[in-house]
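In: Here is my input; please provide its structure:
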Amino acid sequence: MHPFLILNPRAGRSRRGPEADRLVRAFARHGLTAQIALTEGPGHATELARHAGGDPVVAVGGDGTVHEVIQGLDLAAQRLGIIPAGSGNDFAWQHGIPRDPEAAVARIAAGREQGMDLGAWAAGRFHNNLGFGFEAEVNRLSHRVRGVRGPALYFVALARALAALRAYPVDLAWEGGSYSGPLATGALLNGRRVGGAFQLCPAACTDDGLLDLVTVAAMGRLGILTALGPVLRGREPRDARIGRARSPWLQLRAEAPVPVYMDGEYCGEHRALDARVLPGALRLL
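Out: Numbering: from 1, shown residues only. Got it, this is the predicted structure:
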């Protein structure tokens, strides 16, 4: 094992990222020599992963860092380790990866590998979720929030997105079903939680070869808060206006562009989207 660490020094919107020397010493205590590289901006983690010579490749940061690393990872030859240091850390949370760096290093050094599903579409791979409509707007606005860290920043962005709430007419198709009409938002989930606090689909599983689709009908601001209120309190929403399905693929078509994001990264607006699951593609430590 020759760990190659990709460290985001701005993880968690912190002025001071995780301590590189501390991580190198932690791996050394397990008899491992870790190589470390710092990211210098958006997309750099992908380039570092693409040219990483070691195994495993360790993402030190949040879901955004994990997302970028996965884009450049050789899924057949390299394993992924995670040392959580972000605002949400949803994927790490789902798989019981501890926030304590020493404990996360110990888990990686143990070398126990798990096969995990990924999602994929034209813009890349996603490990946790792909969202469109209102949810993507919340994500877009979250990147403009200043002076707030952790899940609180998503609550600020949520309030701002509500002020511009609108419906998105879409045509959706998935294995065994379809939908045509206006939606407030939709999410294609591999993981259970988004935004560090919001459990849209507690039943979602990352090793079942399926993605979980959650759709929310078009409605007003009060309706959105009522329908999604349980999510804001960490519980699963159960409302007649919320649709659910499980499928290995999803097709979206729309006359007007719809905002899309994945794994905490805003992807712009799209009229067409074709996503599918990659069963067991990720080798997670």
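In: Could you use CA atoms for every contact and neighbour count after this?
Out: Will do.
In: Which of the helices or strands spans the residue at the greatest distance from the centre of the chain?
Out: Computed with Cα atoms, centre = their mean, the residue of the chain farthest from its C-alpha average is G31, at 31.6 Å. For G31, there is no helix or strand it lies in under DSSP states H and E.
In: per-residue confidence at it?
Out: Per-residue pLDDT puts G31 at 97.
In: Look up how far I6 lies from it.
Out: Counting by Cα to Cα, to the nearest Å, the separation of G31 from I6 is 19 Å.
In: picking up where we left off before, the residue farthest from the centre of the chain: what's it in contact with?
Out: If you count contacts by Cα atoms under 8 Å, 6 or more residues apart in numbering, G31 has none.
In: Would you mind identifying the helix or strand in the chain with the lowest mean pLDDT?
Out: When the helices and strands of the chain are scored by mean pLDDT, DSSP states H and E, helix 152-163 comes last with a mean of 75.
In: Give me the contacts around that helix.
Out: 134, 137-139, 141-142, 145, 195, 221.
In: quick one: which two of those are the most distant?
Out: V145 and R221 (20.8 Å; Cα to Cα).
In: ok, so of the contacts of helix 152-163, who is nearest I83?
Out: Using Cα to Cα, G195 comes nearest to I83 of the contacts of helix 152-163, at 17.6 Å.
In: List the single closest residue to that closest one in space, sequence neighbours excluded.
Out: G88 (5.4 Å; Cα to Cα, 6 or more residues apart in numbering).
In: per-residue confidence at that neighbour?
Out: Value for G88, per-residue pLDDT: 80.
In: isn't it right up against F198?
Out: No - taking contacts as Cα atoms under 8 Å, G88 lies outside contact range of F198: 9.9 Å.
In: Is A103 part of a helix or strand, or is it coil?
Out: helix (DSSP: H, G, I helix; E, B strand; the rest coil).
In: Tell me the spacing between it and I6.
Out: Going from A103 to I6 by Cα to Cα gives 18 Å.
In: Between these two, tell me which one has more neighbours.
Out: Per other Cα atoms under 10 Å, whichever of A103 and I6 has more neighbours is I6, with 28 against 14.
In: what helix or strand is the more buried one on?
Out: Using DSSP H and E, the element containing I6 is strand 4-7.
In: repeat for V60
Out: strand 57-61.
In: The protein: helices as residue ranges?
Out: Assigned by DSSP state H, the helices in the chain fall at 20-28, 44-50, 63-72, 90-94, 101-110, 134-142, 152-163, 221-232.
In: Let me know which of those is tucked in deepest.
Out: Comparing the helices of the chain by mean neighbour count (mean count of other Cα atoms under 10 Å), helix 63-72 ranks first with a mean of 25.
In: Report the backbone C-alpha coordinates of that one in CSV.
Out: Provided in CSV are the C-alpha atoms of helix 63-72 (Å, rounded to 0.1, in the frame of the first residue of the first chain):
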residue,chain,number,x,y,z
ASP,A,63,-17.8,15.7,-0.8
GLY,A,64,-16.6,18.1,-3.4
THR,A,65,-13.0,16.9,-3.1
VAL,A,66,-14.2,13.2,-3.2
HIS,A,67,-16.2,14.1,-6.3
GLU,A,68,-13.2,15.6,-8.1
VAL,A,69,-10.9,12.7,-7.1
ILE,A,70,-13.4,10.1,-8.4
GLN,A,71,-13.4,11.8,-11.8
GLY,A,72,-9.7,11.0,-12.2
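In: can you state the direction angle for that helix and strand 57-61?
Out: Taking axes from the mean of the first three to the mean of the last three Cα atoms, to 10 degrees, one finds helix 63-72 and strand 57-61 inclined to each other by 160 degrees.
In: so how far is stretch 260-269 from its chain's centroid?
Out: Averaged C-alpha coordinates place stretch 260-269 at 10 Å from its chain's average position (Cα atoms, centre = their mean, to the nearest Å).
In: With stretch 86-102 instead?
Out: With Cα atoms, centre = their mean, you get 12 Å for stretch 86-102.
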